[in-house]
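>>> coords please:
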Amino acid sequence: MLARLHSVTLEGIEGVLCEVEVDVSRRSLDKPIIVGLPDAAVKESAERVRSAIVNCGYRYPKTQSIVNLAPADVKKAGPAFDLPIALGMLIGEGLLPGPVIRDCVIVGELALDGRVRPVNGVLSMAMTAAAHGFGRMIVPIENAQEAGVVQEIEVFGVGSLSQAVGFLCEQLPLEPTVTDIDALFDVASHYDVDFSDVKGQETVKRALTVAAAGAHNIMMIGPPGAGKTMLSQRLATILPALSLTESLETTRIYSAVGLLKKDQALMATRPVRTPHHSASGPALIGGGSSPRPGELSLAHYGILFLDEFVEFPRHVLEMIRQPLEDGFVIVSRAKRTMQFPAQFMLVAAMNPCPCGYFGSTLRACKCTPSQIVKYLAKVSGPLVDRIDIHIDVPAVAFGKLRSKARQIDSDTLRARVMAARELQSHRFGDGRTMTNARMNHKQLEAFCRLDEAGEMLLKAAMTELGLSARAHDKICKVARTIADLDGAAEIRAEHVSEAISYRKLDRKL
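Down below sits the predicted model:
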């Protein structure tokens, strides 16, 4: 008897609808055969399915079964096909009516005792099922809240194969899982850190506010212990809250790679990724034989913090140049090409020299001029050009460290950022997704006109510092953001002057 069910596999972070065909033959042959380009995990499902069916008290087919996963030219990976294959076997044995699963998509891994274990990428799977017009979806009970975020489909969570059979036979009523998205955001959209924890560093806080207001990339240069890491960890607290669309896209990425926390249905705060400087290119960009997202994509709509920036291998740093401009990563393999979203703010931190104390008033630098030049040369000019703001982070004096004065908090800075973002939303007419940092050339000419004094300042900076055309555009965009923070319709000379002051590395490289 032939059974047809539907399931979903993942290609990167995208779901691909699959038809699971199970033919229980009348011929007495050895063991089930699984075809349709399965990987090792899918091939091994035959043994898991056999044990789960027997241990749940059902009759396992004594004849050969052939399982076909269509479309046959899409590689099937992971254990999510266990549950639909097992249900197909039971339909083939006449233990379960076939028509009950026609409008249902089924995913889940089986334990040997019949328990249904959670799988990765359920959010993408549910979105795919809803997009293809299915009305119901059966998922592991641990994934039910995550899949329930998709309102267009009824999601039923099951904890065992027996529970799935009982539900499909209408002997065990189950209520569809309803996920309260607003409640999830209220509970999970809080940060444990705040800018009020940072003593001093007012100039750096101003630069970070400008970066957050326009979604600009920023580089912090300072000695060890100056607070670069502490400041970067708090940058997310002044960014606008994630919208539902942004949250869904970010959650899909984390779910696909298995990084979504237990009992977490949605990402409610902006991700902050801090890869070590020993990370390889594929770890940052993404890749592998079955391509998966890297750190750049995991920082989507959030922050990628690269500490000890110059310690990253130069060829690895060069890989992030194009994603910084495009907002996505393309991973090419011999048979396929995948695109992963990677729209993030780059926050980089580095020391000014190998010992870390060049220019410090507290400790003497032990580096020779040639060592300093060689150290700074590890960062290429084209990559520096793509970083909008370069700011010095000096060591904090003892008096400020011990000061009891109240420091500016994240709520105050976020209010300023939100006011500037509202101006950008009105200017570009594209909600909150479009920011000054992502203006194209036509928008730059339309919205970044300078007055006469600003033109003179910019011309002098271009001449004296030998800035590139890209650096010119970055200065104009940052000046536009500074004007937005001031609530000014026009960019004035003081805005241009501040933007020019944020090109520290252009003076050293």
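>>> In contact with Val257, which residues?
Taking CB atoms under 8 Å, 6 or more residues apart in numbering as the contact definition, Val257 lies against Asn120, Arg292, Pro293, Leu298. C-betas here are computed from N, CA, C, even on glycine.
>>> Reformat these as CSV; add pLDDT and secondary structure.
Listed next are the contacts of Val257 as CSV, based on pLDDT from 0 to 100; DSSP: H, G, I helix; E, B strand; the rest coil:
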residue, pLDDT, secondary structure
Asn120, 94, coil
Arg292, 87, strand
Pro293, 92, strand
Leu298, 95, helix
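>>> lowest average confidence, helix or strand, in this protein?
The weakest-scoring helix or strand in the chain, judged by mean pLDDT, DSSP states H and E, is helix 181-188 (a mean of 78).
>>> List the buried residues in it.
Ile181, Leu184, Phe185 (16 or more other CB atoms under 10 Å).
>>> so the last one touches Ala268, yeah?
Spelled out, that is Phe185. Yes: when contacts are counted by CB atoms under 8 Å, Phe185 is listed as touching Ala268 (5.0 Å).
>>> hey, what's in contact with both of those two?
Joint contacts of Phe185 and Ala268 (CB under 8 Å, 6+ apart) are Ser247.
>>> quick revisit: report all helices and strands that the following helix or strand past the least confident helix or strand of the chain contacts.
Toward the C-terminus, helix 181-188 is succeeded by helix 202-214 as the next helix or strand (DSSP states H and E). Counting contacts by 3 or more CB pairs under 8 Å, 6 or more residues apart in numbering; DSSP states H and E, helix 202-214 is packed against strand 218-221, helix 228-235, strand 345-350, strand 389-392, helix 410-428, helix 469-485.
>>> okay, these in CSV with mean neighbour count, distance to Tyr191 and mean pLDDT next?
Output for these, formatted as CSV (neighbours: other CB atoms under 10 Å; distance: least, CB to CB, whole Å; pLDDT from 0 to 100):
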stretch, mean neighbour count, distance to Tyr191, mean pLDDT
strand 218-221, 25, 19, 94
helix 228-235, 21, 8, 92
strand 345-350, 25, 16, 95
strand 389-392, 21, 22, 94
helix 410-428, 18, 7, 93
helix 469-485, 23, 22, 94
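>>> To Val54, which of these lies closest?
Evaluated over those, closeness to Val54 peaks at helix 228-235, with 51.7 Å, by CB to CB.
>>> Quick check: next helix or strand after the closest one?
helix 244-256.
>>> and the next helix or strand after that next one, what's its mean pLDDT?
Counting by DSSP H and E, the next helix or strand C-terminal to helix 244-256 is strand 272-273. Taken as a whole, strand 272-273 has a mean pLDDT of 94.
>>> With stretch 488-500 instead?
Stretch 488-500 carries an average pLDDT of 93.
>>> circling back: switch the helices and strands packed on helix 202-214 over to TSV, and while doing so, append distance to Lys76 to every line.
TSV is the format used below for those (distance: least, CB to CB, whole Å):
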stretch	distance to Lys76
strand 218-221	43
helix 228-235	40
strand 345-350	36
strand 389-392	46
helix 410-428	42
helix 469-485	44
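>>> which one of these lies closest to Pro382?
Across these, Pro382 has its closest neighbour in helix 469-485 (8.2 Å, CB to CB).
>>> Now tell me what touches that closest one from outside.
Outside helix 469-485, the residues touching it (CB under 8 Å, 6+ apart) are 209-210, 213-214, 216, 385-386, 388-389, 416, 419-420, 423-424, 436-437, 439, 441, 444, 447-448, 450, 454, 458, 461-462, 467, 489-492, 495-496, 498-500, 502-503, 506.
>>> Which of those fall in helices?
209-210, 213-214, 385, 416, 419-420, 423-424, 441, 444, 447, 454, 458, 461-462, 495-496, 498-500 (DSSP state H).
>>> For Ser370, which of the helices and strands packed on helix 202-214 is the nearest?
It's strand 345-350; of the helices and strands packed on helix 202-214, that one is closest to Ser370 (CB to CB) at 18.2 Å.
>>> Send over the closest one as PDB, restricted to the C-alpha atoms.
Listed in PDB are the C-alpha atoms of strand 345-350, where the atom choice follows Å, rounded to 0.1, in the frame of the first residue of the first chain:
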ATOM      1  CA  MET A 345      26.400  46.900  12.500                       C
ATOM      2  CA  LEU A 346      30.100  46.200  12.700                       C
ATOM      3  CA  VAL A 347      31.700  47.300  15.900                       C
ATOM      4  CA  ALA A 348      35.500  46.700  15.900                       C
ATOM      5  CA  ALA A 349      38.000  47.300  18.700                       C
ATOM      6  CA  MET A 350      41.700  47.400  18.500                       C
END
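>>> Next, the angle from that strand to helix 202-214.
150 degrees (axes from the mean of the first three to the mean of the last three CA atoms, to 10 degrees).
>>> now strand 345-350, how far from the chain's geometric center?
The chain centroid and the centroid of strand 345-350 are separated by 17 Å under CA atoms, centre = their mean, to the nearest Å.
>>> following that strand, which helix or strand comes up?
Next in sequence after strand 345-350, counting helices and strands by DSSP H and E, comes helix 369-376.
>>> filter the ones in helices among the contacts of helix 469-485 to the buried ones?
Buried among the ones in helices among the contacts of helix 469-485 by 16+ other CB under 10 Å: 209-210, 213-214, 385, 416, 420, 423-424, 444, 447, 454, 458, 461-462, 495-496, 498-500.
>>> low-confidence ranges in this protein?
Residue ranges of the chain with pLDDT under 70: 26-30, 188, 334, 430-432, 507-509.
>>> How about Met439, nearest residue that isn't a chain neighbour?
Lys477 (5.9 Å; CB to CB, 6 or more residues apart in numbering).
>>> Ok, Arg59 next?
Glu93 (5.8 Å).
>>> can you count the residues close to Val193?
Neighbour count of Val193, defined by other CB atoms under 10 Å: 15.
>>> I'd assumed Thr237 was in contact with it.
Yes: Val193 lies in contact with Thr237 (CB under 8 Å); the separation is 6.4 Å.
>>> Quick check: closest non-adjacent residue to Cys104.
Here the residue nearest Cys104, using CB to CB, 6+ apart, is Arg136, at 4.5 Å.
>>> so Phe312 makes contact with Ser280?
No: assessed by CB under 8 Å, Phe312 is found out of contact with Ser280, at 10.1 Å.
>>> of the two, who's got more company?
Ranked by neighbour count (other CB under 10 Å), Phe312 and Ser280 place Phe312 first, with 25 against 13.
>>> Pull the contacting residues for that one.
His277, Ala279, Leu306.
>>> how about JSON lines for those residues, with secondary structure added?
Below are these laid out as JSON lines (DSSP: H, G, I helix; E, B strand; the rest coil):
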{"residue": "His277", "secondary structure": "coil"}
{"residue": "Ala279", "secondary structure": "coil"}
{"residue": "Leu306", "secondary structure": "strand"}
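>>> can you pick the most crowded of those?
Ranked by the number of neighbours (other CB under 10 Å), these place Leu306 first, at 26 neighbours.
>>> Specify the beta-bridge partners of the residue nearest to that one when sequence neighbours are not counted.
Spatial nearest neighbour of Leu306, chain neighbours left out: Ala348 (4.8 Å); criterion: CB to CB, 6+ apart. Counting by DSSP bridges, Ala348 forms beta bridges with Met219, Leu306.
>>> do you know how far Ala348 is from Asn217?
Per CB to CB, to the nearest Å, Ala348 is found 8 Å from Asn217.
>>> anything in contact with each of those two?
Joint contacts of Ala348 and Asn217 (CB under 8 Å, 6+ apart) are Ile387.
>>> Which residue ranges make up each domain of the chain?
Split into domains by automatic domain parsing, the chain comes to 2-168, 188-428, 439-509.
>>> which one of the contacts of Val257 has the most neighbours?
In the contacts of Val257, the most neighbours by other CB under 10 Å go to Pro293, 26 neighbours.
>>> give the contact list for Arg314.
Per CB under 8 Å, 6+ apart, neighbours of Arg314: Lys378, Ser380.
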